[in-house]
Structures are given as structure tokens and as C-alpha cells.
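Undergrad: Sequence and computational prediction follow.
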Amino acid sequence: MTAAENVCYTLINVPSDSEPPSEISLKADLEKGEIKAKTEALKKVIIMILNGEKLPGLLMTIIRFVLPLQDHTIKKLLLVFWEIVPKTTPDGKLLQEMILVCDAYRKDLQHPNEFIRGSTLRFLCKLKESELLEPLMPAIRACLEHRHSYVRRNAVLAIYTIYRNFEHLIPDAPELIHDFLVNEKDASCKRNAFMMLIHADQERALDYLSTCIDQVHTFGDILQLVIVELIYKVCHANPSERARFIRCIYNLLQSSSPAVKYEAAGTLVTLSSAPTAIKAAAQCYIDLIIKESDNNVKLIVLDRLIELKEHPTHERVLQDLVMDILRVLSTPDLEVRKKTLQLALDLVSSRNVEELVIVLKKEVIKTNNVTEHEDTDKYRQLLVRTLHSCSVRFPDMAANVIPVLMEFLSDTNEAAAADVLEFVREAIQRFDTLRPLIIEKMLEVFHAIKTVKIYRGALWILGEYCSTKDDIQSVMTEVRRSLGEIPIVENEIKKETGEVKPEDEVSAAPAQKLVTEMGTYVTQSALSSSRPSKKEEDRPPLRGFLMDGDFYVAASLATTLTKVALRYVAIVQDKKKQNSFVAESMLIMVTVLHLGKSSLPKKPITDDDVDRISLCLKVLSECSPLMNDIFNKECRKSLSHMLTVRLEEEKLSQKKESEKRNVTVQADDPISFMQLTAKNETSSKEDQFQLSLLAAMGNTQRKEAADPLASKLNKVTQLTGFSDPVYAEAYVHVNQYDIVLDVLVVNQTSDTLQNCTLELATLGDLKLVEKPSPLTLAPHDFANIKANVKVASTENGIIFGNIVYDVSGAASDRNCVVLSDIHIDIMDYIQPASCTDAEFRQMWAEFEWENKVTVNTNITDLNEYLQHILRSTNMKCLTPEKALSGFCGFMAANLYARSIFGEDALANVSIEKPIHLGPDAPVNGHIRIRAKSQGMALSLGDKINLSQKKSNI
């Protein structure tokens, strides 16, 4: 272990601009100064020793003039000083002066002040010289009987570390601590004592636990946590002990401490897979999520529930708890709600779907009543999607869900309304029995729809699925009501000139109302015509969209009218009625065309919309069977095909998920009998406590490490040349939010290098956490220096710098070796992710940074190039495989990824194979990258540029 990896007890801040004081001035301050001056001088001495200075002349001065002082700050600083000061001669023998220090600390261990006793005992934990500790052992033992718990608990820690490092000094420590534990009443002392027994003599710890196993629920939470750890370790090493302790773990699930409940639940799951145990643990997790106020805790515990669900045998137990899991929806945080809904959806079955739908319907209605909040809309959207998924998987539920959801079509939030519309479109196509109900509800809310996108979708559904005479008449009435008085242009001009009051206009009436209630004609000058805002408010919805220049909805209206008119002609035999309906449809289209060509709308009609409306007019005037077939049958076929493909994709992905989760056992796999396995083989599962400790320290061991190609050597960067006086190389270890540089520095000269300092600087969104300490390197010696760099966002960063040093005995200036740059790869922070097409389009429109990369590669196959880009960038292809299969000379695909910092990255690949250049011609085209931040877009573009060409290796 290098010095940088040792456990750090004390952090000392060093001002970067301070001048190093001389030894003489420090000596004077320590001898004759006031308490304050001595304190400052002692601090400076500590800093200088930490920086590698040797100050042997000050040792006796500190013993004579500082050690006898009773000031608490001085005493605290002295503990740090004695920890870091060299205590041995060059040949390894203890310095004579340390005997005086030892005597001073023996007195401190008998001091009447409990703080001094306790802090001295803590200091003794850090001493590594047995000669210093031996005379102090009687005093340390005596501290176990001190009246104050602070002294007693530190005495236990001191005895534990001494026993672990120098067992011969206190061979009876386990027995001593066991007796102490039996009689002790303070929770923190009992915890420390029990902790020592776990690590020093597990049998004694188990004996003690056996005597008080029924009182465990009355212990303090810190002791309960240690007991959980002991039970876990014992049962992990010796599974036959499970029956002895599992009742104790059950009792600890009822603990008042959330931490104990969490650990007990986790331990119970690893010890037993019985349904009752899983149910108790899951119930405990759910209670924790509901009662804990911290969202991070909620998310962590939710993850544990999701892990439980991954096990096939546990899933059925959790299905019975779906209603309890839904109680978590009372949390206002969107991320927690999102995970909860996903978990509930994964666990839903025919047994509980009805209850689930009732709860979700109540939640949807609740979102309508709360005051508008930015997350309310997103939450409503999540609920709609969850109900959509439930209805698709369990069609019987659709009839209950649709009436509630269709109320939201008139919602101002377009995203939630669009999800409802998509659901309704799928339901009306799949479930024939629900069509009359959906059409009825759609006609009810049609006039209240406020957004043009939803209006277009509703028009399409009505035009496609209205099949009875009454429904078709109702659609025409709603369209006329929504369009207002026609012809539109004349009506609008009359309003402008004041011939018609907007308030007196009845939108649904075909005739103009030019007479007031008093029986007099309206006479109003143009100057006194009403407020424009009021005029716009009074406009019917469809007319409002058209006046704003949105004529795409007019093209949709023309298609809808054509479909219903052709259907009306087929249903109704009366020629007069047929002609009347078709003529009314054509009149509406013509008046819209007229409006588009006039100067009244804010934007004129586009040529595409004109062509579409003109085509519909021609179809209605000719009424040919072919056109009837295209409008009324082919459209629905294409929707049906799209829904079928989507359903197949969902089933395929579910199948893959279930295959992943099903544990397959090969025919020739060896059978493991627990009774026959050796003790060292029983730890087939990883020790959860050890794993969590490693994760907290950032030393997560990855499974790929077994592969020699994925070893540390792949991440070693050479920083200097082999002929430089100082050779340096760095291993770059990337954790989630920080980078650790482990730099090996080798002195290749025959001189001693003093104050050898690694100076680093960063480019990009990287920040150096601390300045590495200077070193002294003997001839041909080497050392490891560690530097931490914080990462704030996903973009390429560069770490650069140099090594500066002084040559011992030389009068020249400081020497400097410049280091090579270390490039931090963006790929360490990007993970594949998925999103819906609508979310992708929305983000594509919102993100302002775009980077266009020209394809420049030696790959000749389109699909191979796409797979190469996916591997190089860690992105996920959102375009389904079926859409990419086959060969047509070109390809377009959407890619998506998310960084660990929550930043989204989108890419659109548009490539083609230039066939005219022959079969060996490389792929060409463009890749457009969009991201919220400039750094992300540029870094991803650079990565694609660097890795476009396929290497020949």
C-alpha cells in the first residue's frame, strides 16, 4: 500500500502563499512565546514535517517547553505531531527522547479530564511502535473502568487496534472485552466492544449474542447494526447457522431505526428465499420508502425492491404487494413516482390489474385538481402511459379507463393529451366493442380541444371510425360548430368593418344574425369595433387555428370530410341527401382554400396544403371506387400494420428480458450440495458488506478484470520519455464523478531529488481537488503519487503538467520535466438509454447545440458502419431492427444516450452507399449530433471523427 492509500485521520489545510519559516524562529517561538505563538509555531512544524522536512533539532525543544503545557489546543496538536514525527533512528531503533513522551502520555491516560484521556486513547490507535505502547498497557486497561463512556469506548478501540497489531502486548484482550461487554450499559461502548469481538474472536461474540438474543430489539441502533452484520457474516460463512438467527433478523425488521430495518431486510433476503421472508423484507422496504423524507433514500430502497423483482421466485410474492407499492405515489418527487409506476407495471397481473387501474384513475383525477406545477403535467403523462400499457395487456380494463382519460384531450398540456390520443387511437383500432363509446366521448370533448396537434388527431379518429349515419352527421355538426360562420372570408371582413358583432354571432348557425334583440339593425363604425383580444377569444377553435395560419389542420379536415362523405354516400340511398352532404363538405374545403389565399390569416396557406385540399375536392367530385378504397380501407390497414409491428417489438423485448432473468442450468452442470462443500467454497455469493464498503471507497471490482486484456495495463499512460531524468507513468482510474491518477515517479539519476513535485493543471470541466505533496527521491528510487480530479460534466478533458525537483547539493535552479497530456475519454461517462419517438423529437427541437460530422470511413456496408458507431459511442439505436433490415442503398437511424450526469445526447445517422462507384465504395453521408451543452455535442463529434475508420487489427 502506498502512503496515499493509507487511512487518513486528520486533514490539514496549507495556505498556498505562505513562506516556510526558519528553524531558528520556530525554536524561539516554541521556547519563549505565549500560548498563541506556541500554537502557531507547532502548526507550522507539523506542516513542514508533512512536506518532507526533517527537523531533529526541534524534538527536544517541544518535549521541554510544549509537552508539559495543559492547554487543550496544544495537547490536540501534539497528538498530530507525535503521530507524524519520525520516532526511530536510521537503523530502526527507538529514539531515547520517546521515553519522555511515553511518560507524558501515561500521565495523560490518568488525567482527571475525560476529554484528554479519550483523545490520548484515540491517538494510541495510530501508534505502530510496540516499545512505546508496552509501558502504557496497565493505564489503558484501567481506562476500561472509567466513569465516563467517552473514555471507555476509546479504551475499547485502543485495545482492539493494539491486539490486532501486537497481540503479545494484550493476549487476553477478547476475554477482557467479553467481560466488559457483559457488564456495560452504554450503547456506544457496547457497540465498540461487540465490534471488536466480531473481528477478534467471533465465537465469543456469538456466545454473547446467544445470551441476549431475546433482548436485541431493546438495544440501541448502533449495536443492532453491528449485530445484523455479525449474523450476516456468520450465516454467509456457515449456512447451517441460519435457523439459529433468522428469528432475530425478523425482530430487527420492527426496529425504530430506519438504517437497522434496511440492513435487516437486506440480510433477510440473502439468508432466506422463503415467500414469508421475502414478503416481510419487501414490506419493510415499502414502509421505509413511505416514511423516509429524503428522496435519495427512497430511490435507493426502490432499487432494492426492483432487484428483488428480478428474481423469478420473488416476483410472485411482490405481485401481492402491488397496492402497497402504489402508496409510494404520495411522494411528490417525479423520479420516485416514475420508478414506482414502472415497478408496479412490471408486477401487474390479472389478479391485481383491476385494483391497480382504480388507484391510477384516482391519481389521474387528482392531478386535475392540484395547482399547476411543472411536474404535475409530467406525472399525468406517466399515469396515462401506465394506464395505456395496462389496457393493452389487459383489454378488459380499457372500457373503464377510456372515459376518464378522454377528459384530458381538452387539457392545455399537449404532451399528456397526445399520450391520451395515442392510447385512444390504439384502443379504437384493437377493440371493436369500444368504438361506439370512444366515438361518443370524442364528440363530447371535441369542441373543448385547445391545441391544434390534438385537434388534428381527433379529426383523424372521427373521420376514420365514424361509420353510422348519425355519427357522420354529428361529425359534420361539430366541424361546422368549430369552424363558425361560412364563407369565412366574407364573415371576417364583415366583422372587421363592424357589420356583425362577434358577441352576437352564433357559431353553429348557418345564417348570419344581423338583427339585435331589440329588433334594430346593427350600425357600428370601424373605429369603434371591439377589442382584438376579445375577438380572438370568441373565435371558434378551428377558425382560430386557421386565422393563425396553421393550414395543416385544414388538410387534415379535408381528408376527414372526404372519408365521411364517401362513407355517407355508401350508407344513405337518398340522392338528394347524398348531394347535399357532399356539397356541404366541398363548400367547407373551398371556403378554407379561399381563406388561405386571402390576406386575413397571419401566414398564407402552403402549396402542400393547397394540393391536398384540391385532391380531396377532386375525389369528392368524381367519387370513383378506387379512391373510396384508398381513403376508407388502405389508411386503416397501414395503422393496423404499424400497431402489429409495435406489438411484436414489445413482445420480443419482453421475451429477451424474461430469457435474461430465467436461470438456465445446463445438463452437464455440476450439482452443488451445501453439506458437502468446503468452508472456503461456501462464499459463492459476494459478501454484501464488503461490496458496499468497496463501492463507498471507489474500489468497485469489475467482473471484466479477470480478462487480462481488460487489466490495468490498458489504462496506463506514459507521461515522460525513458531517457528523461525522471520517468513517470499514470494509471487513470475513472470513478463515477471523479478521476484518480496514480502516478509512478522513478528517479533515473544517481542524485537525490528533493522537493520532487507533481504539478498538474486541467482543461475542460475538470477540477484538481488537491495539490500533491512534494517528495524526496533517493538515487534510482521510485514513489507513487495520487491526484484526484473532479468531473462536473460530460466533455473531453485534458490533464497536463510537469514534474519539478531540486538536485541535492546542486546550486542550480529547479529542474523541470514536462509531461505528456492525459486525455479523458468521454465514453467513460456515456451509457446507452432509450426514449420514445415523441420524446426524441421534442428533445431534438429543444436542444440548441448541433454538431454535423461528415462520414469519412473505410467501411463499405451500411449496417456494419452503424454497428461500429454504436460500439464506439456507447449509444443505443432507437430505430427498430425491422426498419433497418434489407438493402436499399441508404439508411437513416436515430441514436440516443445519457450521461451519468443526466445529460442527453441525440444523434441522427443519414448514410448511403454510392452504388455508381462500385461495390467496394465506402459509405458516405452525415451524422448530426444534438445536445443541451456545447461540450457534449463537440466531444461526441470528436469521438465519432476519431473512431470512424475501422482498424485492420
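TA: It's in.

Undergrad: What distance do you get for Leu443 to Arg480?
TA: Summarising the geometry, the distance separating Leu443 from Arg480, computed by Cβ to Cβ, to the nearest Å, is 13 Å. For glycine as for every other residue, the C-beta is placed from the backbone atoms N, C-alpha and C.

Undergrad: actually Thr860, not the one I typed
TA: Relative to Arg480, Thr860 is positioned 59 Å away (criterion: Cβ to Cβ).

Undergrad: Between the two, which is the more surrounded one?
TA: For the pair Thr860 and Arg480, the greater number of neighbours falls to Arg480 (19 against 15), based on other Cβ atoms under 10 Å.

Undergrad: isn't there a helix covering the more buried one?
TA: Yes. Counting by DSSP: H, G, I helix; E, B strand; the rest coil, Arg480 is part of a helix.

Undergrad: and it, how far is that from Leu557?
TA: Taking Cβ to Cβ as the criterion, Arg480 is separated from Leu557 by 11 Å.

Undergrad: what number of residues lie near the closest residue to Leu136 other than its chain neighbours?
TA: The shortest distance from Leu136 to any residue other than its chain neighbours is 5.7 Å, reached at Arg106 (Cβ to Cβ, 6 or more residues apart in numbering). Using other Cβ under 10 Å, the number of residues around Arg106 comes to 15.

Undergrad: Settle this for me: Arg106 is touching Leu133, isn't it.
TA: No. Taking Cβ atoms under 8 Å as the contact criterion, Arg106 and Leu133 are not neighbours in contact, 10.9 Å apart.

Undergrad: For Ser640, grab the count of nearby residues.
TA: Considering only other Cβ under 10 Å, Ser640 is surrounded by 12 other residues.

Undergrad: For the host helix or strand of it, name the packing helices and strands.
TA: Here Ser640, judged by DSSP states H and E, is contained in helix 635-661. Contacting helix 635-661 under the criterion 3 or more Cβ pairs under 8 Å, 6 or more residues apart in numbering; DSSP states H and E are the following elements: helix 414-430, helix 452-465.

Undergrad: quick one: average confidence on that helix?
TA: When the per-residue pLDDT values of helix 635-661 are averaged, the result is 70.

Undergrad: likewise stretch 936-943?
TA: Across stretch 936-943, the per-residue pLDDT values average to 85.

Undergrad: How about stretch 616-629?
TA: Rounded to a whole number, the mean pLDDT of stretch 616-629 is 77.

Undergrad: Tell me how far Val353 lies from Gln381.
TA: Counting by Cβ to Cβ - Val353 and Gln381 are separated by 21 Å.

Undergrad: More neighbours: which of the two?
TA: For Val353 versus Gln381, neighbours defined as other Cβ under 10 Å are more numerous around Gln381 (21 against 17).

Undergrad: any weak-confidence spans in the stretch 251-400 of the chain?
TA: Where the stretch 251-400 of the chain drops to pLDDT under 70, the residues are 369-374.

Undergrad: One more: the stretch 751-900 of the chain?
TA: For the stretch 751-900 of the chain, the stretches flagged by pLDDT under 70 are 793-794, 809-812.

Undergrad: Do you have the strands of it handy? List them.
TA: Taking DSSP state E, counting those that start in this stretch as the criterion, the stretch 751-900 of the chain contains strands spanning 753-763, 766-768, 775-777, 782-791, 797-807, 815-818, 822-824, 830-832, 849-854, 876-877, 890-899.

Undergrad: hang on, Met60 packs against Leu95?
TA: No. Applying Cβ under 8 Å, one finds Met60 not in contact with Leu95, separated by 10.1 Å.

Undergrad: okay, these two: which has more neighbours?
TA: Between Met60 and Leu95, counting by other Cβ under 10 Å, Leu95 is the more crowded of the two (16 against 11).

Undergrad: That one touches Thr89, doesn't it?
TA: Yes. Proximity of Leu95 to Thr89 meets the contact threshold set by Cβ under 8 Å, at 6.3 Å.

Undergrad: Might you report the residue contacts of the closest residue to Leu462 other than its chain neighbours?
TA: Counting by Cβ to Cβ, 6+ apart, the nearest residue to Leu462 once its immediate chain neighbours are dropped is Val475, at 5.0 Å. Listed by Cβ atoms under 8 Å, 6 or more residues apart in numbering, the contact partners of Val475 are Leu443, Leu462, Gly463, Cys466, Thr560, Val564.

Undergrad: Just the buried residues of the strand or helix carrying Val475, please?
TA: Secondary structure assignment for Val475, by DSSP H and E: helix 469-483. Buried positions in helix 469-483, judged by neighbour count with 16 or more other Cβ atoms under 10 Å: Asp471, Ile472, Ser474, Val475, Met476, Glu478, Val479, Arg480, Arg481, Ser482, Leu483.

Undergrad: Likewise for stretch 176-193?
TA: Going by 16+ other Cβ under 10 Å, stretch 176-193 has these buried residues: 176-178, 180-181, 184, 187-193.

Undergrad: buried residues in whichever strand or helix holds Val151?
TA: Using DSSP H and E, Val151 sits in helix 149-165. By neighbour count, and taking 16+ other Cβ under 10 Å as the criterion, the buried residues in helix 149-165 are 149-163.

Undergrad: pLDDT averaged over the helix or strand that that helix is followed by, what's the number?
TA: The first helix or strand that comes after helix 149-165 along the chain, using DSSP H and E, is helix 173-183. Per-region confidence: helix 173-183 scores 87 on mean pLDDT.

Undergrad: How far away from the center of its chain is helix 173-183?
TA: Computed by Cα atoms, centre = their mean, to the nearest Å, the separation of helix 173-183 from the middle of its chain amounts to 46 Å.

Undergrad: Which other helices and strands does that helix contact?
TA: In terms of contact count using 3+ Cβ pairs under 8 Å, 6+ apart, helix 173-183 is assigned the packing partners helix 149-165, helix 187-200, helix 202-211.

Undergrad: contacting residues around stretch 748-761?
TA: Against stretch 748-761 from outside (Cβ under 8 Å, 6+ apart): 52, 724-728, 741, 743, 745, 747, 768, 771-772, 774-780, 783, 785, 787, 789, 799-810, 814.
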